[in-house]
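**Student:** Quick one: sequence plus predicted model below, questions after.
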Amino acid sequence: MVTYIVRRLITAALILLGASFLVYLLTAASGDPLEQFRASNAPNRQQLIDARTELLQLETPAPLRYFRWLGGAAQCLVPWAGSCDLGRNIAGQPITDALGHALIQTLTLVTGATVLAILIGITLGIVTALRQYSTLDYGVTFMAFLFFSLPIFWVAVLLKEFGAIGFNNFLRNPEVPLPVSLGIGAVCGLLTAVAAGGPLKRRLLAGGAVFVFVAAVLIYFSATGWFKTPGLGPVVIAVAGVGIAFAVTLLSAGLKNRKALQSALIAVGLGLVAYFAVQPLLDEATFPMIVLLAIAAVLAGIGIGYLVGGYDRGQSMRAAALTSFLVGFLIILDRYMQAWPGYFNNSRVRGRPIATIGASTPNIEGDFWILSLDSFTHLILPTTALVLISLAGYTRFTRASMLEIMNMDYIRTARAKGLSERTVVMRHAFRNALIPIATIVAFDIGGLIGGAVITESVFSVRGMGFLFLDGITHVDPNPVMGVFICVAITAMVFNLIADLAYSALDPRVRVKA
């Protein structure tokens, strides 16, 4: 395997060298970087031309400029050199500084959207494959193709109009009329009845229960002004935690594994104790502290599962660890809700928290929770737009892969052996269905680093896409090459990881030199 990896890296380096040479020449030949000055009547026109010529080294032919750039870029590969020179843009800013800022903006914007699209898309793909040709299958297929065919800028404009402007207007007087509450409950109940499957009686019971629950919650929220002062509290966290424990155990071990269910429920109880214990600590929270608390929650769950044991101790540990993590997420979510009134009434927000442009509110001040809420509210609309557009690909590929796998002989053999349907789907079918999905994810990661150009433009986010377009517009190869190098290296690395993941997912696949 080491020989295979080295061979792939050498091949990737040669491809990267040739591709970067072509991209540099094409960018340099795409226009005249001095055009704006040649048509100018400014008295210092010649000085501006001379300064731009010297900055971009325009007196040197483009191929020679490329090798000068390559010499500076090669320094980035030497960690102990302490220098990484990718040139400067037309404003005189080092490309390494511009890339650092743009990369953070892009990763903040699209990482969450990509992760959500993968998780939701794969889940919907599995469910629709198991319910092939059902109403749910047709509905998900229709919605997936509908959003896939919509232009991203149009979706973004609709989200601005209804998700930001409309919702901000609603928050001025957050009252949900009774007919609207009943209507939303009826829609949710209908969707649940369609998704539930099974006999008609079971569908009606599930749909009716959801209708009553959703309508009651909306009426309660409207009567108490919950949207202005939201919160979960220990009671809601306890009820939700029990539901999470049963759901996680059902998916990871099956409800017949009583030890796994017991471990998950103990994790919920421990989470409720932690809810009261960590409140003073969360008042002084920082991002590293939140990460450490998440790690501690997972380790505590693993310890609970190990101590409870059972005939399959690994299943107990997984169930308790995942339950502990999700309960911890609910505790953090509750703390964000406690900070919501302070953010909502902030003088820079002025009661309109859902932002339409930018990555943050200018000059806003506050603690960790206020600043984090500001970042999240700026990410809601672009994240939603990207998730809706990206969802279809993962859903359809997962569905097709699962349908192919479910008709294999070894799946019929597993069922004939008496294995439960959960074991057949999760252990035998799902793992093999992930093989083609790994390829798609590897390709999408490169696009993720490259930035969502249209989305960044619509929401005024100065990320990698903005940097790339700025370089193209001003015929400045340095920003273009900086973005290209980041995207190309990321794509090649993740394609290599995808190839190595094949052998981990399918024992029949072996990588050889």
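**Tutor:** On my side now, so go ahead.

**Student:** can you list the domains in the chain?
**Tutor:** Dividing the chain into domains by automatic domain parsing, as the record does, gives the ranges 2-32+34-89+476-497, 100-174+225-445.

**Student:** Would you point to the one among those domains that's packed deepest?
**Tutor:** Across the domains of the chain, averaging neighbours per residue (mean count of other Cβ atoms under 10 Å) puts domain 100-174+225-445 on top, at a mean of 18. Bear in mind the C-beta positions are built from the backbone N, C-alpha and C, glycine included.

**Student:** roughly how far is the strand or helix carrying residue 457 from the heart of the chain?
**Tutor:** In this structure, residue 457 sits in helix 453-458 according to DSSP states H and E. For helix 453-458, the distance between its averaged C-alpha position and the chain's averaged C-alpha position is 17 Å (Cα atoms, centre = their mean, to the nearest Å).

**Student:** just stretch 319-326 next, same as before
**Tutor:** Put simply, stretch 319-326 sits 21 Å off its chain's centre (Cα atoms, centre = their mean).

**Student:** what's the average pLDDT for it?
**Tutor:** For stretch 319-326, mean pLDDT rounds to 94.

**Student:** Would you convert the domains of the chain into a markdown table that also reports distance to residue 452?
**Tutor:** Conversion of the domains of the chain to a markdown table gives the following (distance: least, Cβ to Cβ, whole Å):
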| stretch | distance to residue 452 |
| --- | --- |
| domain 2-32+34-89+476-497 | 13 |
| domain 100-174+225-445 | 5 |
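
**Student:** nearest to residue 206, of the ones you listed?
**Tutor:** domain 100-174+225-445 (12.6 Å; Cβ to Cβ).

**Student:** what distance separates the start and the end of that closest one?
**Tutor:** Using Cα to Cα, to the nearest Å, the span of domain 100-174+225-445 from its first residue to its last is 18 Å.

**Student:** circling back to that earlier point, pick out the shakiest of the domains of the chain, pLDDT-wise.
**Tutor:** Mean pLDDT per stretch puts domain 2-32+34-89+476-497 lowest among these, at a mean of 83.

**Student:** for it, how far is the first residue from the last?
**Tutor:** For domain 2-32+34-89+476-497, the first and last residues are 13 Å from each other (Cα to Cα).

**Student:** How far does it sit from its chain's centre?
**Tutor:** Domain 2-32+34-89+476-497 has its C-alpha centroid displaced from the chain centroid by 29 Å (Cα atoms, centre = their mean).

**Student:** now swap in stretch 443-463 and tell me
**Tutor:** Relative to its chain's centre, stretch 443-463 lies at 13 Å (Cα atoms, centre = their mean).

**Student:** Contacts for that stretch next, please.
**Tutor:** 101-103, 105-107, 109-111, 114, 152-153, 156-157, 356-359, 381-382, 385-386, 390, 464-469, 483, 486-488, 490-491, 494-495 (Cβ atoms under 8 Å, 6 or more residues apart in numbering).

**Student:** In strands only, show me those residues.
**Tutor:** For the contacts of stretch 443-463, membership in strands holds for none, with DSSP state E as the criterion.

**Student:** What about those residues, which are in helices?
**Tutor:** With helices defined by DSSP state H, the entries of the contacts of stretch 443-463 inside them are 101-103, 105-107, 109-111, 114, 152-153, 156-157, 381-382, 385-386, 390, 464-469, 483, 486-488, 490-491, 494-495.

**Student:** which residues of the stretch 251-400 of the chain fall in helices?
**Tutor:** 258-277, 279-282, 287-308, 313-344, 368-406 (DSSP state H, counting those that start in this stretch).

**Student:** nearest to residue 198, of those?
**Tutor:** Nearest to residue 198 among those is helix 368-406 (19.1 Å), distances taken as Cβ to Cβ.

**Student:** Pull out the buried positions in the helix holding residue 457.
**Tutor:** Residues of helix 453-458 classed as buried: 453, 455, 456, 457, 458 (neighbour count, 16 or more other Cβ atoms under 10 Å).

**Student:** for the residue nearest to residue 45 when sequence neighbours are not counted, what are its contacts?
**Tutor:** Nearest residue to residue 45 in three dimensions, chain neighbours excluded: residue 37, at 5.7 Å (Cβ to Cβ, 6 or more residues apart in numbering). Listed by Cβ under 8 Å, 6+ apart, the contact set of residue 37 reads 45, 48, 49, 52.

**Student:** Same list, the residues you listed, but as a markdown table with distance to residue 502 and secondary structure please.
**Tutor:** Formatted as a markdown table, the contacts of residue 37 follow (distance: Cβ to Cβ, whole Å; DSSP: H, G, I helix; E, B strand; the rest coil):
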| residue | distance to residue 502 | secondary structure |
| --- | --- | --- |
| 45 | 59 | helix |
| 48 | 55 | helix |
| 49 | 55 | helix |
| 52 | 49 | helix |
